[in-house]
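Q: let's see this in three dimensions:
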Amino acid sequence: MKLAEELKSVKGLEMGTYNPEKNKVGFVNYQSFPTLVHYSKTNKRGTVIKFTNRKGKQIDSIKAWLLENSDAYKAHIAGQTKTDL
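A: Residues are numbered from 1 along each chain as shown. Alright, predicted model coming up:
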């Protein structure tokens, strides 16, 4: 999980894997693999992340989604921008 390694310093954002065949949860019903889901403090059922699954484009696509939808990632990027000045 290259992306998880890249984002491990983002406070409040955790990345992990989940195998629905081994871990049955009633409200989890994903039809394709890989399916990425964003769970937040206020949304425990999750939001499916729509991303580009073309080779070489996945990480940038997921980061763009996080920038729009993850408060933790937005705060991390804002903090980086301030230290880069």
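Q: can you read off the pLDDT for the most centrally placed residue in the chain?
A: In the chain, the centroid-proximal residue (Cα atoms, centre = their mean) is H38; its distance is 5.4 Å. With respect to pLDDT, H38 has a value of 81.
Q: who's it bridged to?
A: T47 (DSSP bridges).
Q: touching, it and A72? I think so.
A: No. H38 sits out of contact with A72 when judged by Cβ atoms under 8 Å, with a separation of 10.4 Å. C-beta here means a position set from N, CA and C on the backbone, and glycine is covered the same way.
Q: residue contacts, P34?
A: N53 (Cβ atoms under 8 Å, 6 or more residues apart in numbering).
Q: now it: how far from F51?
A: Using Cβ to Cβ, to the nearest Å, P34 is found at 9 Å from F51.
Q: same thing with V25?
A: 22 Å.
Q: looking at these two, which is more packed in?
A: F51 (19 against 9; other Cβ atoms under 10 Å).
Q: so what's G16 up against?
A: By Cβ under 8 Å, 6+ apart, the neighbours of G16 are A4.
Q: now T47
A: So T47 contacts V37, H38, S40, N69 (Cβ under 8 Å, 6+ apart).
Q: just the pLDDT for it.
A: 80.
Q: adjust the sequence numbering to begin at 2 for everything that follows.
A: In the new count, where the first residue is 2, that last one comes out as T48.
Q: now do the helices in the chain.
A: Along the chain, the segments classed as helices by DSSP state H run 3-7, 59-70, 72-85.
Q: elements contacting the longest one?
A: Taking 3 or more Cβ pairs under 8 Å, 6 or more residues apart in numbering; DSSP states H and E as the contact definition, the neighbouring helices and strands of helix 72-85 are helix 59-70.
Q: ok now the helix it packs on, how far from the chain's centre?
A: Centroid displacement of helix 59-70 relative to its chain, using Cα atoms, centre = their mean, to the nearest Å, is 8 Å.
Q: buried stuff in it?
A: Q59, S62, I63, K64, W66, L67 (16 or more other Cβ atoms under 10 Å).
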